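> Next input, structure requested:
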Amino acid sequence: VDPQSAVILLDLSMSMQYGDTFERAKNEALDILGDMTSGDEVGLIGFSDRSELVRELDTDIDSVRSAITEIEQAGFGATRYMPNLRLADQLLEGSRYENRAVYLISDFQEAGIQDINEGWKLSPGVAFTGIDVGEEESSNLVLTDVRSPEQLLEDATEQQILARVRTTGTLYLAQGEVSLSIDGQMVDRVQVDLGERSEEVVNFTAEFDLEGTHEGEVRISGDDFSVDNSYFFTVDVLPKIRVLLVNGEASENWFDDEGHWFGLAVSSTEESPFQLDTIEPAALSAAVLRQNDVVALLNVGDLSSSQAVAISNYVQNGGALLVAPGDRVNQELYNRQFGDISPAILQNLDLLSRDDYLVIADFDRRHPILRPLDTDWSARFQGHWSLQPHEEADVLMQFDNTEPALVERKVG
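Just a heads-up that it's a prediction; the model follows:
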């Protein structure tokens, strides 16, 4: 018999954990080694949806035998034959002998077979042997997909958790039970009756009230193969973004109060990611700043030197600042107090005539804040501050006269 160069492909996917399937697979691989003679060379690929174990061609058959024996159980991956067949073919390109062979030991799950490219073949002269170690009769209910939110803000409404259940194997299973647990506590159980369908989507409702990371488990029961019966996920509940509005032009008439309109835009719905608190300029302090993630100065023009220093320190230490200057802002005072952190220098307040106005002509559609905005704006501006952007600033929005309307700068 001519000496042989062979590669053994051993399926390590999750379905191989069914019954004693994997033990039979290992025995088949050891039998192949037992039939080899001195001088033969053999390689080994343990695979699922990727190559998990690769040993190149070697005449030390005992070392390959030990490698197979030491594999205690199959893994949890899916099955993909094509990438691993290609790898076996590549290993044989450097073989010593012309007598070359590939042995594929698997339960030949349908999902893996669908992945095969019918147009691809092993290199000429490479013999192929498929060894089926699958159970003649098998039944299984499997969770093929679970859809859940990855991140939520606190006080979010009820969330939908969707679980897709599928029956696989040679014996059809129509009934089972699907349950949802959050942080180890049972939330709900649902009886599933597939009838003549091969799969069903189960809808759960869950609440995630507390801030932090919550661990969820969707579990199915009703079959004899428990390895693939659980699907785990996590949901991170984040605190709302705390926004402090310093209203420099508060009014008893809500229609004239710009802070009222700012509040409607920021936190008028329960789904808003923002928690808004409003104060007058005199109440602003370093202690108040530290309690918030974002500070908005709305036409604030009478801040003291100590308040300005507190705002600068707040920004330098990672706080976010939004400045909306109006007619109460003093140009020289603002530039002196906030020149080190401001994205632009205030030049002059330009008020247009009654019949004249500016509109937004362009904005950075890639910016996360501006991305959701509509491209067609009807807002008209009859007054604005002319700005000289800082050299490190980005102009996010422009008027139709090319002057900047919104400028951003990263500080600290």
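> Please make it C-alpha for all contacts and neighbour counts, starting now.
OK.
> and this structure, what are its domains?
For the chain, the structural domains run 5-132, 139-238, 240-342, 343-412, going by automatic domain parsing.
> Pipe those into CSV and attach mean pLDDT and mean neighbour count per row.
Shown next, in CSV, are those (pLDDT from 0 to 100; neighbours: other C-alpha atoms under 10 Å):
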stretch, mean pLDDT, mean neighbour count
domain 5-132, 91, 18
domain 139-238, 89, 17
domain 240-342, 93, 16
domain 343-412, 90, 15
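> excluding its backbone neighbours, what's nearest the residue positioned nearest the centre of the chain?
The centroid of the chain falls nearest to residue 150 when counting by C-alpha atoms, centre = their mean (7.1 Å). Closest residue to residue 150 apart from its sequence neighbours, by C-alpha to C-alpha, 6 or more residues apart in numbering: residue 235 at 4.8 Å.
> Could you confirm that neighbour falls within a strand?
Yes. If the criterion is DSSP: H, G, I helix; E, B strand; the rest coil, then residue 235 is within a strand.
> Check the gap between the closest residue in space to residue 203 that isn't next to it in sequence and residue 104 for me.
Spatial nearest neighbour of residue 203, chain neighbours left out: residue 162 (4.8 Å); criterion: C-alpha to C-alpha, 6+ apart. Separation of residue 162 from residue 104 (C-alpha to C-alpha, to the nearest Å): 36 Å.
> next one: residue 194
Separation of residue 194 from residue 104 (C-alpha to C-alpha): 34 Å.
> residue boundaries of the helices in the stretch 101-250 of the chain?
Residue ranges of the helices in the stretch 101-250 of the chain, as given by DSSP state H, counting those that start in this stretch, are 110-113.
> Spatially nearest residue to residue 212, not counting backbone neighbours?
Per C-alpha to C-alpha, 6+ apart, closest to residue 212 is residue 237, 5.1 Å.
> Which parts of the stretch 51-200 of the chain are strands?
51-58, 100-106, 126-132, 139-147, 151-153, 159-169, 175-182, 185-193, 199-206 (DSSP state E, counting those that start in this stretch).
> which other residues reach the last one?
This points to strand 199-206. Strand 199-206 is contacted from outside by 158-167, 178, 180, 187-188, 190, 192, 194, using C-alpha atoms under 8 Å, 6 or more residues apart in numbering.
> Residue 371 reaches residue 365, doesn't it?
Yes. Residue 371 is in contact with residue 365 according to C-alpha atoms under 8 Å; the separation is 4.9 Å.
> so what's the residue nearest to residue 212 up against?
151, 152, 153, 154, 208, 209, 210, 211, 212, 213, 214.
> how about a cut-off of 6 Å?
By C-alpha atoms under 6 Å, 6 or more residues apart in numbering, residue 237 lies in contact with 151, 152, 153, 154, 211, 212.
> so can I have JSON lines of these showing distance to residue 326?
Output for the contacts of residue 237, formatted as JSON lines (distance: C-alpha to C-alpha, whole Å):
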{"residue": "151", "distance to residue 326": "37"}
{"residue": "152", "distance to residue 326": "35"}
{"residue": "153", "distance to residue 326": "33"}
{"residue": "154", "distance to residue 326": "34"}
{"residue": "211", "distance to residue 326": "38"}
{"residue": "212", "distance to residue 326": "40"}
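> Out of the residues you listed, flag the one nearest to residue 348.
Of all the contacts of residue 237, residue 348 sits closest to residue 153, with 40.6 Å by C-alpha to C-alpha.
> so how far is residue 11 from the closest one?
Taking C-alpha to C-alpha, one finds residue 153 at 43 Å from residue 11.
> what do you get for residue 269?
Distance, residue 269 to residue 11, by C-alpha to C-alpha: 53 Å.
> cool, residue 232 as well?
Counting by C-alpha to C-alpha, the gap from residue 232 to residue 11 is 24 Å.
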